[in-house]
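Enquirer: Prediction below, plus the sequence it came from.
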Amino acid sequence: MTQLIWDGLFVGSFYALIALGYSMVYGIIKLLNFAHGDIYMLGAFIGFALLTSLGGIPGSLSLVALLGVLLVSMLLTGSAGVLIERLAYRPLRGAPRLAALITAVGVSFSLEYGVSAIAGPNPRAFPVRLEGGVFQVLGARISLPQIILMLIAAGLMIALNTYIQRTSTGRAMRSIALDTNASLLMGINVNAVITRTFFIGSALAGAAGVMAGAYYGQIDFLMGFIIGLKAFTAAVIGGIGNIKGAMLGGLVLGFVEAFGTQWFGGQWRDVFAFAVLILFLTLRPTGILGERVTERM
Amino acid sequence: MKFGTRNTILLGIASAMVFSTAGCSGGLLSGGSSGTATTSGTVKLGMVVPLSGSSAPTGAYMKNGAQLAVDEINKAGGVLGGRKLELLVEDEACDAQQAVASANKVVSEGAVVSVGGYCSGATLPTLPIFQKANIPMIIPAANSQELVAQGLANVFMINGTGKQQSTTALAFMKKSSYPTVALVDDNTSYSKDITTETQSQIQKDGSVKVLLNTSVTAGESDYSAVVRAIMSKNPALVYWTGYYQEGGLIINQLKKAGFTGAIMVADGSVDPSLVKIAGQGAEGVFATMTQTPDTLKGAQKWIANYKAAFKSDPGPYSTQSYDAVRLAAKAIGDAGSTKGADIIKALSAINGFSMFSGPLKFTTEHTLSSGGFVILVVKGGKFTLDNALS
Amino acid sequence: MSENVDTTQAPRKIGPPISRVSRLLESKQLGWVALAGALLAPFVTATPYALNVMTTAAIFVMLASGLNIVVGYCGLLDLGYVAFMAVGAYTAGILSKSFQLPLIFTIPAVLVLTVLAGLIIGGPTLRLRSDYLAIVTLGFGEITRITANNLTVTGGPSGIFGIPGLLKIGSVDVEDPAVLYYVTVLVVAVFVLASARLGKSRLGRAWRFVREDEDAAEAMGIHTYKVKLLAYIFGAIWGGLGGVLFAAHLSAVSPQSFIFLQSALVLMAVVLGGMGNMRGVVIGALVISLVPELLRDLGAHRYLFFGLLLVVVMVFRPQGLWPSRGYEPERPAGGTGDGEPGGGQSR
């Protein structure tokens, strides 16, 4: 039982990191970045490319190398996010929602099959793997890599929260989320803030990608698709547009999935997750930590 | 808006052109094609294998193996008194719709025998197409029981069937005394076939007990649910029948969770990438597999020829595809013609034709008499022969 | 400003003179020309391969016209359209195989089940915003595929095989590729015409209204929820019948045929062709289904190409390569209107 809870929490932290990007972007420009899951995949592949180019790394340095690659990956995926925003989403800021969503689908496809064209369609083994000691805690088997990864994820989330709450850019983000026009009138450089939002959101997704590659050991060009949908579900569960909600939603979804697969079997996992999504959207569209909703959900 | 007389005239000219070409090249009025038998020119062999998608590497192995045989036979004088063999390769991408289009394409281009077929789910819909054109199929890789169950006279399978693989698996379990087993599949046709068959054979036999028979969703990274289930039942052996992408992950996560039992995979997971993904946990993993070139005695020369021709190593199903072409050539030779019915008769009559999997004689179901499955084990990071179990 | 806009006149385009090609493409006869072309094509080439490809293209056109009702007319982004096709194909396949009926007799059941599916999927989702609608419909598409994959009644991962043909009257077997092709083309032509008619009807106007501004439509007395649900149900019926044709064409139905990629391809056909414009959608569907066959060497790179094309089209020409022309009379330049056909889309 405790094993179930721990497994759920672990997977949930990945969902949470990616859900954050979704929530942030949605909060600020009301766009569901369909391609966000593929940014996660991009991060994993960038990490893969960096690590392979570094060549053989002795086991003792693997964690250090990984952290270094993590930071570089975050920078690169963040920039990729900014590029996408500039090229694909900014021109459509005034256009109807439908156009922007379809563009997001196009970006998603381009990323997936672009990576497939470059790296090949086959899954790749991540060159550096996190191995480590295992502890028995309250009947659950917990490994050191899992603890490290959850600490990194938690650290990133806390840093993000502080950023949003304490810094001026964070304040600007919150204000743009409330009312874009008023923020413009107040002299906030909306474009710059949006760019920064995309950067941070994509960097977090990229970090999740590298960590997933290092822990699970395998990456393939379609890995972002389903996890993007799960992350969206997590964001909705927690309350979309809400940072703390995204974190909570991720953990809750991880839990719920673990329980679901236990009862129904592994092949129903995705059906279960989507059913939860539909249930929430029907019964409690604002999510657990719901935002005040001004428009029709 | 009026069409205008000028445009109507243009349209009329266009239609006239269309009609005038109506008689040519296979239009409806040209009488259609009555079968693909030919009496001169190259003898075409159609091969529908995955050339794109995640099974693309295997498709390449199969294509090269077949091409090697085609080149050898042509160098030795071809078939039917000097006619050269020609290989028509099309992509199935492991998708039913594309496989059907590709099958239609090779039929339209005049293939007399089909020597392809990897993904069972994509090969099954092509069966009626080849059957209608009366083209014999020699299937080197796809081995789902569903193919056998169709019972078509023109279908011959030269890879061990799912049933034969299950028999081998059970024999191994009994020989190595594994009293309990967990069966895990990836919910695809080929994989589920094997677990269903294995379970029923185990139950009929009675000396092994199935503690768990479960499926996972392919394409994910986290398999902690199935790992938890396996750990709670604690079987002596886990038999994974899916592909290497998920197999590697499951083996890795099982070992991380502290699983001490043995692990066996089916032939879909036999790929060097499995070892890479599973990491150190792959050492000692067993596999039920038909012979690969590097586990066969005396195949060194063949491997050298392959390497020289294609500048790369052979892989799973290279030998089966090679044999498929050789078998097709022999049957055409025996039949003395390229007519489908004659070739089918010749194939059924073959007795003792030497192939990598042993001397060939088809069963009444047009499958191999002996599946040719052996047990491999991962030693030193590579799959090596453990037990020929003959 | 009070301009005398004579609304009794047929709409006149006030703009640069249009080329002969445009006039040809705009004419009413185009549909008949296209149909004639489709009917005559087998006389040029009737190899099994060509017939197979053309039948697949025709079925794709049907799906695209159905999705056009949902996305193009009504503006509801449905990313799981393939679910309706799956419902139709599986229902037809299971019933015809179990009862040994020709497929044509399963059509009433298919209609019932697809309408039901439309209600089930549309019910909870149509109250949501377009962004959520997109993901939820995608979720439903995946749920349908995975359920079909897991249940034994749908044949599990192998699906259903050996589905009987559409109909067998004496010696005329619709399973014959050429006959099947003609039947498919005729059925698809009827349905494309029907959906075009729907677009011009009062319901079609209501759909367009909802697409442009849902709140204004509601204020004008249009029961938006009902209107959206109707769009969904029509789309479901088109998709379900497309699924029946698909089952007849392949004689096999498996879950792999209903992956998200399929929904995305149909969406691309609708978007690239010009949302709401049935002719554009037909052309878009033909392009998307035929180009991969013609460019077989591209392999999987074609999806990269399509994805990039989608982005480029959306950024530079969001109304699609061939936009629908507004049916409202245009105000002369200087009025409060946009004066540009299809320009009412942007806000």
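Expert: Nice, I can see it.
Enquirer: Look up how far B:Ala346 lies from the residue in the stretch 151-300 of chain B positioned nearest to chain C.
Expert: Minimum separation of the stretch 151-300 of chain B from chain C (C-beta to the nearest C-beta) falls at B:Ser189, amounting to 4.0 Å. C-beta here means a position set from N, CA and C on the backbone, and glycine is covered the same way. Computed as C-beta to C-beta, to the nearest Å, the B:Ser189 to B:Ala346 distance reads 31 Å.
Enquirer: interface residues of the stretch 51-200 of chain A facing chain B?
Expert: For the stretch 51-200 of chain A, the contact set with chain B under C-beta under 8 Å from any C-beta of the partner chain comprises A:Pro121, A:Asn122, A:Pro123, A:Ala125, A:Arg129, A:Val134, A:Arg141, A:Ser143.
Enquirer: and the first one, helix, strand or coil?
Expert: Okay, so that is A:Pro121. Of the three states, A:Pro121 takes coil under DSSP: H, G, I helix; E, B strand; the rest coil.
Enquirer: Run a quick neighbour tally on the closest residue to it other than its chain neighbours.
Expert: For A:Pro121, ignoring the flanking residues on the chain, the nearest one in space by C-beta to C-beta, 6 or more residues apart in numbering or on different chains is B:Ser54 at 5.5 Å. Here the number of neighbours of B:Ser54 (other C-beta atoms under 10 Å in any protein chain shown) works out to 22.
Enquirer: quick one: which helix or strand includes the spatially most central residue of chain C?
Expert: Ranked by distance to the mean C-alpha position of chain C (C-alpha atoms, centre = their mean), the top residue is C:Ala64 at 2.2 Å. Secondary structure from DSSP states H and E places C:Ala64 in helix C:48-67.
Enquirer: which residues touch the residue of the stretch 151-300 of chain B closest to chain C?
Expert: Taking C-beta atoms under 8 Å, 6 or more residues apart in numbering or on different chains as the criterion, B:Ser189 is in contact with B:Ser120, B:Gly121, B:Leu124, B:Ser144, B:Glu146, C:Gly156, C:Pro157, C:Ser158, C:Gly159, C:Ser254.
Enquirer: Throw those into CSV and include pLDDT and secondary structure, thanks.
Expert: Putting the contacts of B:Ser189 into CSV (pLDDT from 0 to 100; DSSP: H, G, I helix; E, B strand; the rest coil) gives the following:
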residue, pLDDT, secondary structure
B:Ser120, 80, helix
B:Gly121, 76, helix
B:Leu124, 85, helix
B:Ser144, 77, coil
B:Glu146, 78, helix
C:Gly156, 83, helix
C:Pro157, 82, helix
C:Ser158, 79, helix
C:Gly159, 84, coil
C:Ser254, 85, coil
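Enquirer: ranking those by neighbours, who comes first?
Expert: The contacts of B:Ser189, ranked by neighbours (other C-beta under 10 Å): first place C:Ser254, 29 neighbours.
Enquirer: ok, back up a step: please report how far the residue nearest to the residue nearest to the centre of chain C when sequence neighbours are not counted lies from chain B.
Expert: In space, and not counting its chain neighbours, C:Ala64 is closest to C:Ala285: 3.7 Å by C-beta to C-beta, 6+ apart. Separation of C:Ala285 from chain B (C-beta to the nearest C-beta, to the nearest Å) stands at 15 Å.
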